[in-house]
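Student: Take a look and give me a structure for this.
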Amino acid sequence: MKLPLSKIFLLFSPFSISSYNDSEDCKIYISIVGNLDNIINCCENNQCDSKGRIIALNLDKFHLTSIPPSITELEDLEKLNLRNNELTSIPEEIFQMKKLVTLDLSYNKFQNISSSISNLSKLENLFLSNNELTNIPDEIFKLEKLELLDLSFNKLQRVSPSIKSLSKLKFLYIGNNELTGLPNEIFTLKKLRELFLNDNKLNNIPESIKNLSDLLYLIIHNNEFTYLPDEIWKLKDLIFLDVSNNKIKSISDEIENLKKLNKLYLSNNEIISLPMEISSLKRLKLLDASFNKLHNLPPSIGDLSELSELYINNNELQRLPNEIFKLQLNKFSIGNNPELNTKMINFINNDNAIRYCDFSNVNITCYQKNTCETIKGLNNTSLIACTDTEINDIRQSILPSKTVLYIVFASVSAFVFITVVSVTIYVFVRIKNRKLKRESMAVMEILNASSKSLDFHNQSQNSLNTYSHYRI
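Tutor: Just a heads-up that it's a prediction; the model follows:
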């Protein structure tokens, strides 16, 4: 059998395979998982230090129903991965492993967590997702070094206000639970960068969310929100916002404050229109406003110069603004807008055809060749070609007209002329003033010299008189 290079390398490493497997830590590992034929070296599946001591133990997908107490003999263990097993309880011995930094217990069958978890004082990352937890012991909130807490996909109905003690928390995932409300204390965690509240029964977000000034990701889809508090629009560092699958009816014009936003998901709501101010999102790359009640789009949408994906399918659109052809899109979905009648020409800023277009159940009155590479819902060859006149009419409506260009050119020319004249006059006056100043200085020097000569003459005359007096 030909060994992989990684295993051949181990043969020539300072520690042979047998010496690794003979280490006390590897014996413990083998006792947990069994002496499997595919385990050539226990440090290949785990992470060991130079002495063969396991510092990261990976027990993912071993179908374990229990953990032997001997695991506590792995005294240097820092990371323990027990995800994807069939564990119903956690042995108390694990909570004696005080060097643990990361503990992953997700995808098991836990119904509760022992209060002894508070002993893991160095823990920074705790994964408890996809279990059957109905409550969380307050002792978890004594883990003051915790930076990541994943409680998603459980059966939690509340979050304790004690969560405020996790002052270093950066990542909080509590989606896919049964939450109907949130404690204000969550919004005192000012270091939070990612907050996932999706798939719950929430209908309100406290105004104190504005305190999360470092927040980058806010995920609240699949809840029961009918509106978004204005304080959300004060989270100026947001790059990802997902409010889809709610009952939201409008989007505030204060969305213009989210100038760093990259992706915005608004789908499956009851939104009738988008604000003109959406054009301020200059970094937006994806906008999904599908499955709403949009009747039209603001012309300012054409100013989203970074937008590459636009999904406005399944709405009540009747027309598209010509400014939409200023975008540089890779994906463009307008399908299932049965009242929409629109021409489709090449997007003027696209160097290539749009990779994917969805025109299902839409009346495309004419189509310019090479607008899309792949079209869903229409036969590319059966489309009526747009005439040059139709294409030019659209282009001229979104490009500056000759009159506008003339006015702009005339204004710029006038500004340049006035500026040049003003600068010339200013320089001339400065030069003239400097010349006058130099002439004045020269006259003063002459007068000073004359005065000095007169003084010298007077002194000389006095000296001569005195000399003559003494001669007499």
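
Student: C-alpha only now, for contacts and for neighbours.
Tutor: OK.

Student: What about Pro68, how many residues nearby?
Tutor: 12 (other C-alpha atoms under 10 Å).

Student: average model confidence for stretch 252-263?
Tutor: In this model, stretch 252-263 carries a mean pLDDT of 97.

Student: got the buried residues for that stretch?
Tutor: Across stretch 252-263, burial judged by 16 or more other C-alpha atoms under 10 Å covers Ser252, Glu254, Ile255, Glu256, Asn257, Leu258, Lys259, Lys260, Leu261, Asn262, Lys263.

Student: Spell out which residues sit in contact with the nearest residue to the first one once chain neighbours are set aside, please.
Tutor: The one in question is Ser252. Distances taken as C-alpha to C-alpha, 6 or more residues apart in numbering place Pro275 nearest to Ser252, at 7.0 Å, with adjacent residues excluded. Contacts for Pro275 were tallied using C-alpha atoms under 8 Å, 6 or more residues apart in numbering; they are Ile251, Ser252, Asp253, Pro298.

Student: ok, what's across the strand from Asn81?
Tutor: With DSSP bridges applied, Asn81 shows beta-bridge pairing to Asn58, Asp104.

Student: Identify the residues contacting it.
Tutor: Counting by C-alpha under 8 Å, 6+ apart, Asn81 makes contact with Ala56, Leu57, Asn58, Leu59, Asp60, Leu103, Asp104, Leu105.

Student: ok so, going back, kindly reformat the buried residues of stretch 252-263 as CSV containing secondary structure and distance to Lys282.
Tutor: As requested, these are exported to CSV (DSSP: H, G, I helix; E, B strand; the rest coil; distance: C-alpha to C-alpha, whole Å):
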residue, secondary structure, distance to Lys282
Ser252, coil, 17
Glu254, helix, 15
Ile255, helix, 12
Glu256, helix, 10
Asn257, helix, 11
Leu258, coil, 9
Lys259, coil, 7
Lys260, coil, 8
Leu261, coil, 8
Asn262, coil, 9
Lys263, strand, 11
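
Student: Quick one: distance of stretch 216-225 to the chain centre.
Tutor: When distances are taken as C-alpha atoms, centre = their mean, to the nearest Å, stretch 216-225 is centred 15 Å away from the chain's centroid.

Student: for stretch 191-200, same thing?
Tutor: With C-alpha atoms, centre = their mean as the basis, the distance from the averaged C-alpha position of stretch 191-200 to the chain average is 14 Å.

Student: same question, stretch 102-113
Tutor: For stretch 102-113, the distance from its own C-alpha centre to the chain's C-alpha centre is 29 Å (C-alpha atoms, centre = their mean).

Student: Straight-line length of that stretch, end to end?
Tutor: End-to-end distance of stretch 102-113: 16 Å, with C-alpha to C-alpha, to the nearest Å as the criterion.

Student: what residues go with each domain of this protein?
Tutor: Residue ranges for each domain of the chain read 100-107+123-398, 406-438, as given by automatic domain parsing.

Student: what is the mean pLDDT for the last one?
Tutor: Spelled out, that is domain 406-438. When the per-residue pLDDT values of domain 406-438 are averaged, the result is 54.

Student: what's the answer for stretch 316-330, then?
Tutor: Confidence over stretch 316-330, taken as the mean pLDDT, stands at 97.

Student: List of residues touching it?
Tutor: For stretch 316-330, using C-alpha under 8 Å, 6+ apart, the contacting residues are 292-310, 337-342, 345-350, 353-356, 394, 397-398.

Student: Just the endpoints, please. Distance across that stretch?
Tutor: Criterion C-alpha to C-alpha; first-to-last residue distance in stretch 316-330 is 23 Å.

Student: Show me which residues of it are buried.
Tutor: Result for stretch 316-330 [16+ other C-alpha under 10 Å]: buried residues 316-318, 320-330.

Student: Could I get the residues you listed in JSON lines, plus columns for distance to Ser50?
Tutor: Putting the buried residues of stretch 316-330 into JSON lines (distance: C-alpha to C-alpha, whole Å) gives the following:
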{"residue": "Glu316", "distance to Ser50": "65"}
{"residue": "Leu317", "distance to Ser50": "65"}
{"residue": "Gln318", "distance to Ser50": "68"}
{"residue": "Leu320", "distance to Ser50": "65"}
{"residue": "Pro321", "distance to Ser50": "65"}
{"residue": "Asn322", "distance to Ser50": "65"}
{"residue": "Glu323", "distance to Ser50": "63"}
{"residue": "Ile324", "distance to Ser50": "60"}
{"residue": "Phe325", "distance to Ser50": "60"}
{"residue": "Lys326", "distance to Ser50": "59"}
{"residue": "Leu327", "distance to Ser50": "55"}
{"residue": "Gln328", "distance to Ser50": "53"}
{"residue": "Leu329", "distance to Ser50": "52"}
{"residue": "Asn330", "distance to Ser50": "49"}
